[in-house]
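>>> Kindly generate the corresponding structure for this input.
(one chain, ligands or ions: 2)
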Amino acid sequence: MTAAQEAPVIHKGLAGVVVDTTAVSKVVPETNSLTYRGYAVQDLAENCSFEQVAYLLWHGELPTDAQLELFQQRERAQRRADRSLLTLVAKLPENCHPMDVVRTAISYLGAEDPEEDDRSTPALRAKSLRMMAILPTIVAADVRRRRGLDPIAPHSHLGFAENFLNMCFGEVPEPALVKAFEVSLILYAEHSFNASTFAARVVTSTMSDIYSAVTAAIGALKGPLHGGANEAVMHDMLEIGDPARAEEWMLGKLSRKDKVMGFGHRVYKRGDSRVPTMKQAFLDVAALTDGDKWVQMYEILEETMDKSTGIKPNLDFPTGPAYYLLGFDIEVFTPIFVMSRITGWTAHIVEQTESNALIRPLSEYVGVPQRSVKP
Ligand SMILES: CC(=O)SCCNC(=O)CCNC(=O)[C@H](O)C(C)(C)COP(=O)(O)OP(=O)(O)OC[C@H]1O[C@@H](n2cnc3c(N)ncnc32)[C@H](O)[C@@H]1OP(=O)(O)O
Ligand SMILES: O=C([O-])CC(=O)C(=O)O
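Numbers count the residues shown, from 1 in each chain. Ligands and ions are numbered 1, 2, ... in the order given. Sure, this is the predicted structure:
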């Protein structure tokens, strides 16, 4: 074989391939660290609101008090969904997955935006804010519809996390529970070139509109190897039922070479940077909601997996039981992820737009050699 004919190296799943630069976030697997625009996520989770983090991801700096005030005003003013969008969402089959609902809602927002194709940075930022503001209204209306309840209108005097919880449950839970939920939103907001963000960047690279890019990202996030894992974790925990069965269940899975959802990561091989913070949030929620059984199960599953394989939990592992204890139905876990990741996706859409190159890799053909059609 000559050098010219040498088989190309195949990067299955693009593993290990550096595709582009980004200034949005940095994942360092060696030190299990993650920064958004230079700030450690742990620091942001402890000291910031989700709105501050959204502003940071979009503008590159944390807001001043005046900037935050204006940002919140704009976000709060756009929370309401018009009747036609609520009607459209209410007409979707009740047994469809709530991710179908958010995907459809974003598609609708694109269809009704007369300036859908405006790709200037101010326009992209305005559209991003509109999506961030309205997604909780849609997700909460769908939560209530599935429970046979009327939607609750958004309140402009409540913060992002409080307002969403109020729209779902008709009351704002105690501050420690709101904080734990808000921490999950901050941790879910951004993670460099993960599959859904990359999907958004691929669509953006064709000079398509932001709604199409976000719709593609939602589709990518839904899968259980990505965002859908938070739902799968809780289904597994319910199937196990009793902490006394957890070790046996895990060993059974591993002996059958089944993938255990909520464990492992493409980039982190020594533990997910976000897990300690989210595990603490889960423990806080469990302490306030009689969740001891799920904590025991969590510890046994984590320990058994670690002893048997060395594989660590990812962010979806603590988030699953935390959301369950907060009172969410399982199928709404990944839509909540969307409500948060919309910030990271759209930061990347702006970055891709401002420094664009069509994303179009090569493939190695392994099909039948060229042949002729027999007349
Ligand atoms: C927010 C997020 O999206 S975080 C990710 C959420 N996804 C999940 O939790 C799904 C479960 N996890 C997985 O499927 C994987 O760990 C992935 C897809 C996330 C990353 O996988 P990759 O980097 O492609 O690693 P890959 O799947 O090749 O795994 C390497 C080895 O570890 C094993 N492994 C990895 N994750 C797991 C797991 N969750 N359960 C059991 N074994 C696992 C694989 O079977 C493989 O073993 P082998 O070498 O003997 O075949
Ligand atoms: O980075 C990844 O591949 C998946 C992930 O953890 C995320 O998107 O938050």
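>>> In contact with the closest residue to Lys253 other than its chain neighbours, which residues are there?
Excluding its sequence neighbours, the residue lying closest to Lys253 (C-beta to C-beta, 6 or more residues apart in numbering) is Val260, at 5.2 Å. Where you see a C-beta, it was placed from the backbone N, CA and C, and this is true even at glycine. Val260 is in contact with 236, 250, 253-254, 301, 305, counting by C-beta atoms under 8 Å, 6 or more residues apart in numbering.
>>> residue boundaries of the helices in the stretch 251-375 of the chain?
Along the stretch 251-375 of the chain, counting by DSSP state H, counting those that start in this stretch, helices occupy 275-288, 292-309, 316-326, 333-354.
>>> circling back: dihedrals phi and psi, the residue nearest to Lys253?
For Val260, the backbone dihedrals are phi -100, psi 120 (criterion: degrees, to the nearest 10).
>>> again, but for the one 5 residues further on
The phi and psi values for His265, taken as degrees, to the nearest 10, are phi -160, psi 140.
>>> and the angle from the longest helix belonging to the chain to helix 333-354?
Assignment by DSSP state H gives helix 121-146 as the longest helix of the chain. Computed with axes from the mean of the first three to the mean of the last three C-alpha atoms, to 10 degrees, the direction of helix 121-146 lies at 170 degrees from that of helix 333-354.
>>> Kindly report the residues of the stretch 151-300 of the chain close to ligand 2.
191, 194, 266-267 (C-beta under 6 Å from any ligand atom).
>>> can you list contacts of the following helix or strand past the longest helix of the chain?
Counting by DSSP states H and E, the element after helix 121-146 in chain order, helix or strand, is helix 160-169. Under the contact criterion C-beta under 8 Å, 6+ apart, helix 160-169 has outside partners 49-51, 75, 79, 136-137, 139-141, 143-144, 151-155, 158, 171-173, 177-178, 181-182, 185, 326-328, 339.
>>> Mean confidence (pLDDT) on helix 160-169, please.
When pLDDT is averaged over helix 160-169, the result is 98.
>>> buried sites along the following helix or strand past that helix?
Later in the chain than helix 160-169, the nearest helix or strand by DSSP H and E is helix 175-188. Across helix 175-188, burial judged by 16 or more other C-beta atoms under 10 Å covers 177-188.
>>> how far is the helix or strand following helix 175-188 from where the chain is centred?
On the C-terminal side of helix 175-188, the nearest following helix or strand under DSSP H and E is helix 195-205. Computed by C-alpha atoms, centre = their mean, to the nearest Å, the chain-centroid distance of helix 195-205 equals 14 Å.
>>> okay if I get the buried residues of helix 175-188 as CSV plus pLDDT and distance to ligand 1?
Below are those laid out as CSV (pLDDT from 0 to 100; distance: C-beta to the nearest ligand atom, whole Å):
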residue, pLDDT, distance to ligand 1
Leu177, 98, 22
Val178, 98, 22
Lys179, 98, 21
Ala180, 98, 18
Phe181, 98, 17
Glu182, 98, 18
Val183, 98, 15
Ser184, 98, 11
Leu185, 98, 13
Ile186, 98, 14
Leu187, 98, 10
Tyr188, 98, 7
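>>> nearest to Leu124, of the contacts of Val260?
The shortest approach to Leu124 among those belongs to Asp236, at 38.4 Å (C-beta to C-beta).
>>> filter the contacts of Val260 to the buried ones?
Buried among the contacts of Val260 by 16+ other C-beta under 10 Å: 236, 250, 253-254, 301, 305.
>>> In space, what's closest to Asp117 - neighbours in sequence excluded?
Asp209 (5.3 Å).
>>> can you tell me how far the one you found sits from Glu115?
Distance of Asp209 to Glu115, given as C-beta to C-beta, to the nearest Å: 9 Å.
>>> neighbour count winner among the two?
Asp209 (20 against 11; other C-beta atoms under 10 Å).
>>> From Asp100, how far out is the more buried one?
20 Å.
>>> ok, now which ones touch the residue of the stretch 1-150 of the chain found nearest ligand 2?
The stretch 1-150 of the chain approaches ligand 2 most closely through Val27 (6.9 Å), counting by C-beta to the nearest ligand atom. Listed by C-beta under 8 Å, 6+ apart, the contact set of Val27 reads 33-34, 191-192, 267-268, 273.
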